[in-house]
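Q: sequence first, then the predicted structure, then my questions.
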Amino acid sequence: MPSETKEFLLEVGVEEIPASMIEPGLADLKRLLEEGFARLRLAEAHPVALQTYATPRRLVAYAPALISSQPDSVEMVQGPPKRVAFDAEGKPTAAAFNFASKVGTKPEKLQTVTTPKGEYLAFQKKERGKPTIELLTEMVPQAILGINFPRSMYWESKSGPHFIRPIRWLLAMYGGRVIPCSIGEVKADKFTFGHRRLGKPKLRVSDYADYRERLRSNYVVLSSEDRRARIAGEIPKLLADGLLLKQDESLLNTLVNLTEYPTPLVGSFDPSYLALPEEVLVTVMRGHQKYFAVQRASGGMAPHFVAVMNLDGDSSGAIRHGHERVLRARFNDARFFWETDAKVTLEQRLELLRNVTFQSQLGSYYDKSERMAMLAERIVEELPPEVRMTISPEQIQRAARLAKCDLTTELVKEFTELQGVIGGLYARREGLPDEVSEAIYDHYKPQSMEDTSPRTLSGAIVSLADRMDTLAGCFGVGLAPSGSKDPFALRRAAQGVIRILVDHGLRPPLSHLAARAVEVYQHVQTRSQVPDWKPVGVNAELTKFLEDRLRYYLRDVRGFAYDEVNAVLAARSEREDAVAALEKVQALAQVRPSENFEPIAAAFKRIKNIQQQAQKTYNFSPGELKLSLLEQGIEAELYERYNKVKLEVDRQKEAGNYLAALHAIASLRPDVDRFFDKILVMAPQEEIRQNRLTLLARLLNEFSTIADFSEIVISESRKSATA
């Protein structure tokens with residue numbers, strides 16, 4: 001009979017957790033609890049629907065139905081062989097007595113089981129399940145302290161518990177009873193705490209419904225979605241007509257995790273500050289004060305901001321005035337830096353980069369800027385002539401050389417997240433060409449998979465030069481990523497390279513990009529600028545690293561099936577590029593559902609297997625195809641069809657129409673099927689066998705340049721149909 005269920009409620013009360021660590025910490029708690037339920041067999045008979053919630057001061061887990069006791073277990077324990085457990089007269093030996101004693105029974109109650117190794121003694125051991133509340137006593141503290149935070153602290157003693165912040169209370173209940181557990185000196189109880197300023201301390205609760213109601217009435221909005229809705233719903237009511245909130249999902253998420261009872265307020269600032277660039281104003285408001293910017297519906301920023309309090313209101317206006325005073329001071333700092341930086345041009349700042357270290361073994365940012373300019377020139381050389389005509393190589397090199405100069409400005413020192421952006425703004429203020437200023441502004445893009453690529457081709461080239469210089473340099477001094485360790489974010493840099501190539505339709509082969517970057521380092525090495533940089537193997541290692549990032553991009557970012565990605569990348573030649581790889585995978589995914597695709601893929605897999613077997617058995621290698629040895633009928637017809645399809649495939653590949661080329665290859669399916677049905681490939685006559693294997697090798701080699709069909713995983717239904 002199934003065990004009854006009761007509700008489980010856990011709340012870990014802490015000092016305020018940093019907003020960025022709440023969601024991963026809560027996810028970890030949920031995982032650990034679910035793993036614990038599974039390990040203790042509490043989720044076998046009745047699945048546990050675990051819900052989790054969090055605010056800055058609490059991590060909460062709730063299961064409405066958790067079985068009241070662990071299911072009984074039955075285990076067949078195997079003992080010694082029967083032949084050694086009984087003597088010639090059938091009496092138990094010491095082996096039988098020892099085994100019986102071990103499992104807590106008598107020799108006469110043991111069973112005999114037959115195994116592949118013979119007959120053995122065995123005993124069916126039954127173990128009664130433990131009460132759930134007893135199991136939770138040990139499991140709950142283990143799960144809480146098992147949460148993996150980037151850093152943790154101790155607050156009782158060095159040997160005491162460690163957590164992201166000190167644990168102040170522990171509410172742990174099962175079926176209305178307190179789970180008798182503790183963390184350090186904090187013992188579990190039935191009490192929770194309301195809002196730090198607005199609520200009552202030590203609220204006694206009886207169950208989950210009571211818990212939610214008591215928190216709500218004491219100014220704690222437990223659900224992050226409810227807090228999000230409260231912020232998003234209240235702001236439009238506060239804004240005057242013609243004003244709109246500048247949307248910022250990341251900031252909204254941060255504010256949701258910073259508050260328990262979020263209440264927006266609108267503040268203002270002197271319109272004279274609008275003379276500063278919008279990027280600077282938004283960064284000051286967002287990054288330092290956690291304020292939303294406000295825009296006019298007609299366009300442009302408005303002299304207002306939206307802050308979010310962890311209170312129920314600001315009737316006196318004192319909080320608003322405080323926010324306005326702090327923001328005014330921050331804006332004054334920004335305006336001072338903006339005006340001070342104007343006294344030195346970007347060109348004049350180049351020399352200052354000599355004092356800014358890029359990496360101890362790779363020199364200063366001045367050295368990096370010089371390498372970026374050289375590499376940008378080489379990347380331009382990789383572009384087709386018609387593309388090169390649309391850009392100015394001289395201006396691109398200039399942008400690459402000046403791209404890092406804003407690292408010496410006061411504004412970037414204060415607001416590091418604006419690096420690149422400030423350089424672009426200063427270049428525009430100094431009257432440099434748009435091609436230069438926009439390239440500098442965008443050259444850190446994309447900073448993530450969600451970010452956009454540089455807006456211009458010139459910006460894309462400067463960004464590529466920056467990333468490839470970093471990659472080649474770090475690989476050359478032994479700083480390539482190892483396992484999960486990637487302190488220089490080289491995977492992100494390489495991912496950015498792939499994104500830029502695809503987004504801008506740039507087609508230099510990955511191997512060429514790697515080679516060009518290595519060439520630049522070899523060139524500057526002659527000047528003894530990077531004496532620790534070693535060129536051995538860097539080109540091949542870096543190319544493989546970029547190809548791995550291309551694989552990740554196609555599979556994990558674009559969502560193509562792993563075997564489709566493997567098939568295309570296995571067929572790539574050195575001269576192929578990321579854009580072509582994407583186009584081929586897209587075509588492969590489109591043609592895959594067609595009637596002939598998987599059968600022809602299965603046929604190519606069969607051809608590959610036949611070739612491999614022939615190499616082992618007959619030392620086969622493709623030679624010249626002798627038309628006179630082709631058997632009239634099916635074999636000769638396959639060769640004729642192969643020639644016609646090859647012409648069509650070559651024509652479509654030349655036009656970049658990989659979908660049509662794959663359809664043409666798939667159309668060979670009936671001819672290949674007839675060949676395998678009627679023709680004996682491994683003919684006893686060596687000359688005929690060699691010729692037929694050569695014909696199949698031609699098919700495989702010619703039609704595997706778009707994708708290696710042997711990498712395609714054939715569905716079970718297709719396997720049965722083609723068997």
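A: Arrived safely, thanks for sending.

Q: centre of the chain to stretch 694-707, how far?
A: Averaging C-alpha positions (Cα atoms, centre = their mean, to the nearest Å) puts stretch 694-707 36 Å from its chain's average.

Q: same check on stretch 374-394?
A: Averaging C-alpha positions (Cα atoms, centre = their mean) puts stretch 374-394 33 Å from its chain's average.

Q: now swap in stretch 474-488 and tell me
A: Remark: stretch 474-488 is offset 18 Å from the chain centroid, using Cα atoms, centre = their mean.

Q: so how far is the first residue of that stretch from its last?
A: The straight-line separation of the ends of stretch 474-488 (Cα to Cα, to the nearest Å) is 8 Å.

Q: just say helix, strand or coil for the residue nearest to Met139 when sequence neighbours are not counted.
A: Once flanking residues are discounted, Met139 sits nearest to Gly36: 4.4 Å by Cβ to Cβ, 6 or more residues apart in numbering. The C-beta positions use only the backbone N, C-alpha and C, and glycine is treated the same way. Three-state call for Gly36 (DSSP: H, G, I helix; E, B strand; the rest coil): helix.

Q: number of nearby residues for Gly36?
A: By other Cβ atoms under 10 Å, 19 other residues sit near Gly36.

Q: and the contacts of stretch 322-336?
A: 265, 267-270, 273, 276, 280-281, 284-285, 288-289, 291, 305, 307, 411, 414-415 (Cβ atoms under 8 Å, 6 or more residues apart in numbering).

Q: and with 6 Å instead?
A: Applying Cβ atoms under 6 Å, 6 or more residues apart in numbering, the set of residues contacting stretch 322-336 from outside is Gly267, Phe269, Tyr273, Leu276, Val280, Val284, His288, Gln289, Ala307.

Q: dump the residue contacts of the fourth one.
A: For Leu276, the residues meeting the contact criterion (Cβ under 6 Å, 6+ apart) are Arg335.

Q: kindly recompute the last result at 10 Å.
A: Val284, Met301, Phe331, Ala334, Arg335, Phe337, Trp338, Glu339, Leu411, Leu425 (Cβ atoms under 10 Å, 6 or more residues apart in numbering).

Q: try the last one
A: Residues in contact with Ala307, defined by Cβ under 10 Å, 6+ apart, are 255, 263-267, 285, 289-292, 314, 319-320, 322-324, 326-327.

Q: buried subset of the residues you listed?
A: Taking 16 or more other Cβ atoms under 10 Å as the criterion, what is buried in the contacts of Ala307 is 255, 263-267, 285, 291-292, 314, 319-320, 323-324, 327.

Q: ok, back up a step: out of the contacts of stretch 322-336, which sit inside helices?
A: Among the contacts of stretch 322-336, DSSP state H puts Val280, Gln289 in helices.

Q: out of the contacts of stretch 322-336, which one sits closest to Arg212?
A: Ala307 (27.9 Å; Cβ to Cβ).

Q: contacts only, for the residue most central in space within the chain.
A: Residue closest to the average C-alpha location in the chain (Cα atoms, centre = their mean): Asp556, at 7.8 Å. When contacts are counted by Cβ under 10 Å, 6+ apart, Asp556 is found next to Met449, Tyr562, Val565.

Q: just the buried ones from the residues you listed?
A: Val565.

Q: by pLDDT, give me the weakest of the contacts of Asp556.
A: When the contacts of Asp556 are sorted by pLDDT, the bottom entry is Met449 at 84.

Q: before we move on, what SS does that one have?
A: Assigned by three-state DSSP, the conformation of Met449 is coil.

Q: nearest residue to it in space, ignoring adjacent ones along the chain?
A: Nearest residue to Met449, sequence neighbours excluded (Cβ to Cβ, 6+ apart): Val557, at 5.8 Å.

Q: hmm, that neighbour is touching Gly496, no?
A: No: in terms of Cβ atoms under 10 Å, Val557 does not count as a neighbour of Gly496; the distance is 12.0 Å.

Q: which residues are in contact with both of those two?
A: Counting by Cβ under 10 Å, 6+ apart, the common neighbours of Val557 and Gly496 are Met449, Arg549.

Q: which one's more surrounded, those two?
A: Comparing Val557 with Gly496 by other Cβ under 10 Å, the one with more neighbours is Gly496, at 25 against 14.

Q: and that one, what element?
A: Using DSSP states H and E, Gly496 sits within helix 490-503.

Q: now that helix: how far from the chain's centre is it?
A: 14 Å.

Q: got the domain boundaries for the protein?
A: Per automatic domain parsing, the structural domains of the chain span 5-70+131-216, 73-125, 224-341, 348-559, 588-722.

Q: list the contacts of the closest residue to Asp434 other than its chain neighbours.
A: Of all residues not flanking Asp434 in the chain, Arg428 sits nearest, at 7.5 Å (Cβ to Cβ, 6+ apart). Contact partners of Arg428, counting by Cβ under 10 Å, 6+ apart, are Pro277, Asp434, Val436, Ser437, Glu438, Ile440, Tyr441.

Q: ok, now Gln289?
A: Contacts of Gln289 were listed using Cβ under 10 Å, 6+ apart, and they are Gly267, Phe305, Ala307, His323, Val326, Leu327, Arg330.

Q: can you tell me what sits against the particular helix or strand that has Lys237 in it?
A: Element membership of Lys237, judged by DSSP H and E, is helix 224-238. Applying Cβ under 10 Å, 6+ apart, the external contacts of helix 224-238 come out as 22-23, 26, 52-55, 216, 220-221, 223, 243-245, 247, 249, 252-253, 255-266, 292, 294, 304, 306, 308.

Q: and it, average pLDDT?
A: 96.

Q: quick one: average confidence on the next helix or strand after it?
A: Where DSSP H and E defines the elements, the next helix or strand beyond helix 224-238 is strand 243-245. Strand 243-245 comes out with an average pLDDT of 95.

Q: also stretch 490-505?
A: On average, stretch 490-505 scores 96.

Q: now do stretch 17-35
A: The average pLDDT within stretch 17-35 is 96.

Q: how many other residues sit next to Ala515?
A: Ala515 has 19 neighbours, counted by other Cβ under 10 Å.

Q: coming back round to it: any buried residues in the helix holding Gly496, and which?
A: Buried, per 16+ other Cβ under 10 Å, within helix 490-503: Leu490, Ala493, Ala494, Gln495, Gly496, Val497, Ile498, Arg499, Ile500, Leu501, Val502.

Q: before we move on, what about stretch 325-333?
A: For stretch 325-333, a neighbour-count test (16+ other Cβ under 10 Å) marks Leu327, Arg330, Phe331, Asp333 as buried.

Q: pick the one among those residues closest to Phe8.
A: Closest approach to Phe8 among the buried residues of stretch 325-333 (Cβ to Cβ): Leu327, at 45.5 Å.

Q: SS state for that closest one?
A: Of the three states, Leu327 takes helix under three-state DSSP.

Q: also the one 10 residues further on?
A: Assigned by three-state DSSP, the conformation of Phe337 is helix.

Q: show me the contacts for it.
A: Contacts for Phe337 were tallied using Cβ under 10 Å, 6+ apart; they are Leu276, Val280, Thr409, Glu410, Leu411, Val412, Lys413, Glu414, Phe415, Ile422.

Q: which of those residues are buried?
A: Leu276, Val280, Thr409, Glu410, Leu411, Val412, Glu414, Phe415, Ile422.
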